[in-house]
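the following block contains a protein sequence and its predicted model.
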Amino acid sequence: MGDFYYELAVKVVEVCYANRSRNGGIMSVAEVESILSSRKTKFQLGGQKTKAYSHEDITTAINKLGTLGGGFRTVKVGNSTMIMSVPTELDNDHMEIMSLAQIYSGSISLELVRENKGWNADRSKRALELLLAQGMAWLDTYEGHELYWFPSVWKDQV
């Protein structure tokens, strides 16, 4: 895998695990990069400690790690690259819902999904319920209105 990518993958895994209870195991590469930067994380590269790593380096490290198994992989959600740190398989419906949540600043309702995607209530609810069950979405109920919040998407907006 290469020492640099191995070290980077270990640090990324640490960040993903530390945030898993908050985001259900999905987080943007940009957020991981920001956390690593705020920690002033440095790596051995060419005999020197350096902070020189990029969005692409993080993606490469995770993709190399993914070949070993364990559920780590990158997926494209809307215009963001996200790191999945759980073995859950998301189908196209789940990805479309997360892309929609990205457009609406991290929160959507069942009605919004139905209106925007043209899906029936059962299909929309089933996709939202899996994301909720996996911890990738949070449900906020207020005065009979339900909003599904996606912490990985809304955090990416900040």
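Nice, I can see it.

shaky segments in this structure?
Scanning the chain for pLDDT under 70 picks out 1-2, 42-51, 67-70, 154-158.

what ranges do the helices span in it?
3-23, 29-38, 55-66, 92-103, 110-117, 121-133, 151-157 (DSSP state H).

distance to Leu139 and mean neighbour count added to the ones you listed, as a markdown table?
Glycine gets a C-beta too; all of them are placed from N, C-alpha and C. Shown next, in a markdown table, are the helices of the chain (distance: least, CB to CB, whole Å; neighbours: other CB atoms under 10 Å):
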| stretch | distance to Leu139 | mean neighbour count |
| --- | --- | --- |
| helix 3-23 | 15 | 17 |
| helix 29-38 | 22 | 17 |
| helix 55-66 | 29 | 18 |
| helix 92-103 | 13 | 19 |
| helix 110-117 | 10 | 16 |
| helix 121-133 | 6 | 16 |
| helix 151-157 | 12 | 21 |
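
which one, of those, ends up nearest to Ser80?
Closest approach to Ser80 among the helices of the chain (CB to CB): helix 151-157, 5.3 Å.

re earlier: quick one: which of the helices of the chain is nearest Asn79?
Between these, helix 92-103 lies closest to Asn79; by CB to CB that is 7.3 Å.

tell me what angle the closest one forms with helix 110-117.
Computed by axes from the mean of the first three to the mean of the last three CA atoms, to 10 degrees, the angle separating helix 92-103 from helix 110-117 equals 100 degrees.

can I get the CA coordinates of helix 92-103 in CSV?
The C-alpha trace of helix 92-103 is given here as CSV (Å, rounded to 0.1, in the frame of the first residue of the first chain):
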residue,chain,number,x,y,z
ASN,A,92,-29.4,4.1,-6.0
ASP,A,93,-32.5,5.2,-4.1
HIS,A,94,-30.5,5.8,-1.0
MET,A,95,-27.9,7.8,-2.9
GLU,A,96,-30.6,9.9,-4.6
ILE,A,97,-32.1,10.7,-1.2
MET,A,98,-28.8,11.8,0.1
SER,A,99,-28.2,13.9,-3.0
LEU,A,100,-31.6,15.5,-2.5
ALA,A,101,-30.7,16.2,1.2
GLN,A,102,-27.5,17.9,0.0
ILE,A,103,-29.6,20.2,-2.2
